[in-house]
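> Sharing a model prediction with you, sequence too.
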Amino acid sequence: MNALDKLLIAEDIRRLKARYFRCLDTKNWGEMERVFGSDSVMDARAENRTGGTPDAHIHIGSVNIVVFLRTHLEQVTTVHHGHSPEIDITAPDAATGIWAMEDMLRWPEGGPLKWMHGYGHYYETYKNDGQRWYIQTTTIRRLRVDSL
Amino acid sequence: MNALDKLLIAEDIRRLKARYFRCLDTKNWGEMERVFGSDSVMDARAENRTGGTPDAHIHIGSVNIVVFLRTHLEQVTTVHHGHSPEIDITAPDAATGIWAMEDMLRWPEGGPLKWMHGYGHYYETYKNDGQRWYIQTTTIRRLRVDSL
Amino acid sequence: MNALDKLLIAEDIRRLKARYFRCLDTKNWGEMERVFGSDSVMDARAENRTGGTPDAHIHIGSVNIVVFLRTHLEQVTTVHHGHSPEIDITAPDAATGIWAMEDMLRWPEGGPLKWMHGYGHYYETYKNDGQRWYIQTTTIRRLRVDSL
């Protein structure tokens, strides 16, 4: 890979993550499935707000990941913003990324939580299967969470 | 256009929108005029907080757009942030873009509104007139608006 | 410098600032030192929340800058986000940048301040010493500061 190839991949991955954010907040679950692949892993153990065993918070494969997101967020007004990515291309078909993030969730009336405002970083890997880049693994480490 | 040309255009357009945000929040109206062109259209119908007919909220041309922004925002402490753009170059002189956004407005004492905090996406098109890129059309779709 | 060289430098500088934000909020002071150089200048006069003469708020050199940041922020939960950079490459080893910014600080119980939420722009210059890019000068101009 030359320098231009790396810039092009970094741009592709920034757009991939931009689609993730947009699909999440506009509830576009069909397009969201194409952000992930069949071997993608979303590690939401640290996001556990619903109880259950730790393993219940690891979601594998685009279908399961979208089911998880949809189940928890379809009825929630969500805003997710990502900032100042650090993307490293480690092979022509592999990359890592760190994104600063902020999310603001507002639940419908009557639930246990009213709102949540969190801050942290996404730690991710990306893979190219020959057709497209997708998010291969993703997890969040939080700096701060406020909620009511 | 080759891949490098597209990257260069995307960078130009990211900077164009960065100038829009900076000029808006620092009230630099002279520089703001150069962010738009004579055929630019700002569709602020969904942002209508002042009443009037829908047509009164469509602003055409850089001069009128800046008059509109200045009239409504000169006395308001504003912060506008844009995130994770998705820019598509559709022709050597044309592009589309989606930006996640957040705006925080604080009005002077004594008005009907004290503050507003909004979230959504800009949906925009960009044009190059042979000299420079400018915002050709812009509108916001809101995810959430809080105000007092 | 050709157009590709400039894109590569801009990407390097965006990542440099991303490291600054990440190191600041994760308190990674060792990595933070490498964000600056021995002639770097952090002008924090406008950020003066601790009294003292103006000169006491100009920090020179990576070691002193990190001592300053660590002393004031080690015990503080901080979130710093940067948006829509405007980076100009002015020479092969020199550049300028403007970043929209937002910071949210929360102090431990018992101090004079509970929290601060600020907005503004970083105005910076960057230098390449032949080995790497670093932040040469940095200052913030605020649009708005809320605190309790």
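Yep, that arrived.
> pLDDT averaged over the lengthiest helix in chain A - what is it?
Secondary structure of chain A per DSSP state H: the longest helix is helix A:3-26. Averaged over helix A:3-26, pLDDT sits at 98.
> One more: stretch A:44-51?
73.
> can you count the residues close to the closest residue to residue A:61 other than its chain neighbours?
Spatially, and ignoring its direct neighbours in sequence, residue A:61 is nearest to residue A:38 (5.2 Å; Cβ to Cβ, 6 or more residues apart in numbering or on different chains). Heads up, the C-betas are built off the backbone N, CA and C, glycines and all. By the criterion of other Cβ atoms under 10 Å in any protein chain shown, residue A:38 has 11 neighbours.
> now residue A:38: how far from chain B?
Per Cβ to the nearest Cβ, to the nearest Å, residue A:38 is found 24 Å from chain B.
> Who does the strand or helix carrying that residue pair with, and is each partner parallel or antiparallel?
Applying DSSP states H and E as the criterion places residue A:38 in strand A:36-43. Strand A:36-43 has its sheet partners listed here by DSSP bridges as strand A:58-60 (antiparallel), strand A:133-147 (parallel).
> what angle do the last one and helix C:3-26 make?
An angle of 30 degrees separates the directions of strand A:133-147 and helix C:3-26 when computed by axes from the mean of the first three to the mean of the last three Cα atoms, to 10 degrees.
> Rounded mean pLDDT for strand A:133-147, please.
96.
> before we move on, the earlier item: ok, the residue nearest to residue A:61 touching residue A:127?
No: counting by Cβ atoms under 8 Å, residue A:38 stays clear of residue A:127, with 10.8 Å between them.
> rewinding a little: and the longest helix of chain A with chain C, contact?
Yes: judged by Cβ under 8 Å from any Cβ of the partner chain, helix A:3-26 and chain C are in contact via A:3-4, A:7, A:10.
> mind putting the residues you listed in TSV, distance to residue B:19 and neighbour count included?
Compiled in TSV, the residues of helix A:3-26 next to chain C are given as follows (distance: Cβ to Cβ, whole Å; neighbours: other Cβ atoms under 10 Å in any protein chain shown):
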residue	distance to residue B:19	neighbour count
A:3	27	12
A:4	26	15
A:7	22	21
A:10	23	21
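> filter the residues you listed by proximity to chain B?
Okay, of those touching chain B (Cβ under 8 Å from any Cβ), that's A:4, A:7.
> List the beta-bridge partners for residue A:101.
Beta-bridge partners, per DSSP bridges, of residue A:101: residue A:82, residue A:120.
> OK, contacts around it?
By Cβ atoms under 8 Å, 6 or more residues apart in numbering or on different chains, the contact list for residue A:101 reads A:80-83, A:119-122, A:140.
> For the closest residue to chain C within chain A, which three-state class applies?
Per Cβ to the nearest Cβ, residue A:84 is where chain A lies closest to chain C, at 3.7 Å. Look at residue A:84: counting by DSSP: H, G, I helix; E, B strand; the rest coil, its state is strand.
> what's the spacing between it and residue C:23?
12 Å (Cβ to Cβ, to the nearest Å).
> who's more crowded, those two?
Neighbours were counted for residue A:84 and for residue C:23 using other Cβ under 10 Å; residue A:84 has more, 22 against 19.
> So which bits of chain A are right by chain B?
So chain A meets chain B at A:4, A:7-8, A:11, A:14-15, A:17-19, A:21-22, A:25-26, A:77-79, A:81-83, A:104, A:106 (Cβ under 8 Å from any Cβ).
> Any of these buried? List them.
A:7-8, A:11, A:14-15, A:17-19, A:21-22, A:25, A:78-79, A:81-83, A:104, A:106 (16 or more other Cβ atoms under 10 Å in any protein chain shown).
> what's the burial count for the nearest residue to residue A:113 once chain neighbours are set aside?
Residue nearest to residue A:113 in three dimensions, not counting chain neighbours: residue A:107, with 5.4 Å by Cβ to Cβ, 6+ apart. Residue A:107 has 18 neighbours, counted by other Cβ under 10 Å.
> Residue A:142 touches residue A:117, doesn't it?
No: using Cβ under 8 Å, residue A:142 makes no contact with residue A:117, being 11.3 Å away.
> With neighbour numbers in mind, choose between the two.
Between residue A:142 and residue A:117, counted using other Cβ under 10 Å, the more crowded position is residue A:117 (16 against 13).
> Distance check, that one against residue A:79.
9 Å.
> how about the contacts of residue A:101 in JSON lines, adding distance to residue B:34?
What follows is the contacts of residue A:101, written out as JSON lines (distance: Cβ to Cβ, whole Å):
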{"residue": "A:80", "distance to residue B:34": "32"}
{"residue": "A:81", "distance to residue B:34": "28"}
{"residue": "A:82", "distance to residue B:34": "29"}
{"residue": "A:83", "distance to residue B:34": "27"}
{"residue": "A:119", "distance to residue B:34": "35"}
{"residue": "A:120", "distance to residue B:34": "38"}
{"residue": "A:121", "distance to residue B:34": "36"}
{"residue": "A:122", "distance to residue B:34": "36"}
{"residue": "A:140", "distance to residue B:34": "40"}
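> How about the residue of chain A found nearest chain B, nearest residue that isn't a chain neighbour?
As assessed by Cβ to the nearest Cβ, chain B sits closest to residue A:18 within chain A, at 3.7 Å. Nearest non-adjacent residue to residue A:18, counting by Cβ to Cβ, 6+ apart: residue B:84, 3.7 Å away.
> That concludes my questions; thank you for your assistance.
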